[in-house]
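Student: Fold the following for me, if possible:
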Amino acid sequence: MADEPDNLVLVYLRRLDEKVDRLIDDVQDLKVRMTHVEEGLAGVNRRLDRLEVRVERIERRLDLVVVPEGAR
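Tutor: Sure thing, here's the model as predicted:
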């Protein structure tokens, strides 16, 4: 009986199962990497926001922008 070939359907199902397992691993890796990208982008946005505030303050001090009455 050991010489009998495996059922062809089972062979294909095992191959499919292996491919699905690899796909699951790849998707998990992509999710982790995407999370890192999102965190990095959030950090960049925070820095840009701080820079915007600083530039606005410098512009006001140098009278480069018109500040509406009561905003000072």
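Student: CA only for contacts and neighbour counts going forward, please
Tutor: Noted.
Student: Run through the protein and note the low-pLDDT ranges.
Tutor: 1-5, 66-68, 70-72 (pLDDT under 70).
Student: mind listing the helices for it?
Tutor: Along the chain, counting by DSSP state H, helices occupy 8-61.
Student: what residues are up against the residue nearest the centre of the chain?
Tutor: Closest residue to the average C-alpha location of the chain: Met34 at 2.7 Å, with CA atoms, centre = their mean. Contacts for Met34 (CA atoms under 8 Å, 6 or more residues apart in numbering) come out as none.
Student: any idea how far it lies from Glu52?
Tutor: 27 Å (CA to CA, to the nearest Å).
Student: for Glu59, same thing?
Tutor: In terms of CA to CA, Glu59 sits 10 Å off from Glu52.
Student: Check Val27 too.
Tutor: Separation of Val27 from Glu52 (CA to CA): 37 Å.
Student: Ok, Gly40 next?
Tutor: 19 Å.
Student: Check His36 too.
Tutor: Taken as CA to CA, the span from His36 to Glu52 is 24 Å.
Student: Next: Arg14.
Tutor: Distance of Arg14 to Glu52, given as CA to CA: 57 Å.
Student: Give the buried residues for stretch 10-24.
Tutor: When burial is assessed from 16 or more other CA atoms under 10 Å, stretch 10-24 yields no buried residues.
Student: Just give me how far it sits from the chain centre.
Tutor: 28 Å (CA atoms, centre = their mean, to the nearest Å).
Student: CA atoms only for that stretch - export them in CSV, please.
Tutor: Taking Å, rounded to 0.1, in the frame of the first residue of the first chain, the C-alpha atoms of stretch 10-24 are listed here in CSV:
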residue,chain,number,x,y,z
LEU,A,10,-5.3,15.5,-2.1
VAL,A,11,-2.1,16.4,-3.7
TYR,A,12,-3.6,19.6,-5.2
LEU,A,13,-5.3,20.5,-2.0
ARG,A,14,-2.0,20.2,-0.1
ARG,A,15,-0.3,22.4,-2.7
LEU,A,16,-3.2,24.9,-2.4
ASP,A,17,-3.0,24.8,1.4
GLU,A,18,0.8,25.6,1.2
LYS,A,19,0.2,28.5,-1.1
VAL,A,20,-2.6,29.9,1.1
ASP,A,21,-0.3,29.7,4.1
ARG,A,22,2.4,31.6,2.2
LEU,A,23,-0.2,34.2,1.2
ILE,A,24,-1.3,34.6,4.8
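Student: Alright, that wraps it up for me.
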